[in-house]
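K.L.:
compute the structure for the input listed below.
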Amino acid sequence: MKWGLGGAVAGFGWRRRGAAAAGAGDKLPEGKMPMRALGRTGVQVSLVGLGGYHIGRAPDPQTAARIVRAAIDHGVNFMDNCWDYNDGKSHLWMGRALRDGYRRRVFLMTKIDGRTRKAAAEQIDQSLRDLGTEMIDLIQVHEVIRPSDPARVFGPDGAIEALVAARKAGKIRFIGFTGHKSPEIHLAMLQAASAHGFAFDTVQMPVNVMDAHYDSFERRVLPVAQKSGVAVLAMKPLGSGVFLGSGPLVARDISPTDCLRYPMASPASVVITGCESMRDLAQALDAAYGFRPPTEAQRKALLAHTAPVAAKGQWEKYKVSEMFDGTARNPRWLEAAIL
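P.N.:
Down below sits the predicted model:
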């Protein structure tokens, strides 16, 4: 059985208008963006979030601004970013795009790498300057990918002290953490928080059609977060592009829209996806506008279809290699004041 336009996918809602819906040229689909609660924060966020890394990979700042503003005009209110993305260019380009009244229409999230109080505090201040805002809605500790990270973040003069101080000063509203390496490290971070009487507002993790089969964040971390009211931010729906193109899913007739809608069917508050072009944005919007929750049988059919190529994690490069470990290649970021 193929997971394509026939068979189990019929009536599933993974594809609404086929390849044309992915956006020919710059035409964007029209529809209503589904909104979800961001855990216990009281905030409503769009089902699709705009990835900040790819904004800095657009051809120029004008294209980046066009993508950001078009996303907001079409219902996307969740903006993702990070202090280190594209050597700070992603912050600067998104900050420019959020001028002229766009900033007040979005929930702005970014991440910092600093593990010490000093480094974290200075990275927070640089993020505020570069994004051109007096307050950031959510800042997350980025790349919690080492077993030592929880102890460093919550240790004496650790990053959590700077984040709590920034929240008290009105520089940020909410605090979370991210990581892509191991569910065990995520669980240790949540346990460290609990041991120190601290509660994270959000946790960001891979949720996709491959993750469920190998060292799964969805199976191990998502239920724990959900039980405690910590909002889950789903990332890497396309495996940072590795799953498609010449990857393993093309031969199985699983489209980018299929991949985007899989984490949409989870309890995640938002699915963050990168858009370097208006075509990418059209694809993301179409996936959200046409989303309908699958039946359990349909979900199991998709997972059965991906299991043969996912069992060993070989396509989840962020788990099994250092390909996506920016702080491993640049360890100074963990203690750097500025880029």
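K.L.:
ok, Leu28 - contacts?
P.N.:
Applying C-beta atoms under 8 Å, 6 or more residues apart in numbering, we find Leu28 in contact with Ala70, His74, Met278, Leu281, Ala282, Leu285. Where you see a C-beta, it was placed from the backbone N, CA and C, and this is true even at glycine.
K.L.:
now the element after the host helix or strand of the fifth one, going C-ward?
P.N.:
For Ala282, the enclosing helix or strand under DSSP states H and E is helix 278-289. Sequence-wise, the next helix or strand downstream of helix 278-289 (DSSP H and E) is helix 296-310.
K.L.:
please tell me how far that next one is from the chain's geometric centre.
P.N.:
On the basis of C-alpha atoms, centre = their mean, to the nearest Å, the separation between the geometric centre of helix 296-310 and that of its chain is 23 Å.
K.L.:
that helix: which residues count as buried?
P.N.:
Of all the residues in helix 296-310, those buried under the rule 16 or more other C-beta atoms under 10 Å are Gln298, Arg299, Ala301, Leu302, Leu303, His305, Thr306, Val309, Ala310.
K.L.:
the second one contacts Ala265, doesn't it?
P.N.:
When you say that, I think you mean Arg299. Yes. Arg299 is within contact range of Ala265, at 6.5 Å (criterion: C-beta atoms under 8 Å).
K.L.:
dump the helix holding Ala282 to PDB, restricted to CA.
P.N.:
Extracted C-alpha coordinates of helix 278-289, given in PDB (Å, rounded to 0.1, in the frame of the first residue of the first chain):
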ATOM      1  CA  MET A 278       7.100  32.400  -1.000                       C
ATOM      2  CA  ARG A 279       6.700  28.900  -2.400                       C
ATOM      3  CA  ASP A 280       7.800  27.400   0.900                       C
ATOM      4  CA  LEU A 281       5.400  29.700   2.800                       C
ATOM      5  CA  ALA A 282       2.500  28.700   0.400                       C
ATOM      6  CA  GLN A 283       3.200  25.000   1.200                       C
ATOM      7  CA  ALA A 284       3.200  25.600   5.000                       C
ATOM      8  CA  LEU A 285       0.000  27.700   4.800                       C
ATOM      9  CA  ASP A 286      -1.800  25.100   2.700                       C
ATOM     10  CA  ALA A 287      -0.900  22.300   5.100                       C
ATOM     11  CA  ALA A 288      -2.400  24.300   8.000                       C
ATOM     12  CA  TYR A 289      -5.500  25.700   6.300                       C
END
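K.L.:
and the two most separated of the buried residues of helix 296-310?
P.N.:
Across the buried residues of helix 296-310, the longest distance by C-beta to C-beta is 19.2 Å; it joins Gln298 and Val309.
K.L.:
nearest residue to Gly114 other than its sequence neighbours?
P.N.:
Leaving aside its chain neighbours, Gly114 sits nearest to Ala120 (3.6 Å; criterion: C-beta to C-beta, 6 or more residues apart in numbering).
K.L.:
my guess is the one you found meets Ile112, correct?
P.N.:
Yes. With contacts counted by C-beta under 8 Å, Ala120 reaches Ile112, the gap being 5.6 Å.
K.L.:
what touches both of these two?
P.N.:
Here Ala120 and Ile112 have Val141, Ala159 as joint contacts, going by C-beta under 8 Å, 6+ apart.
K.L.:
with that, I have no additional questions.
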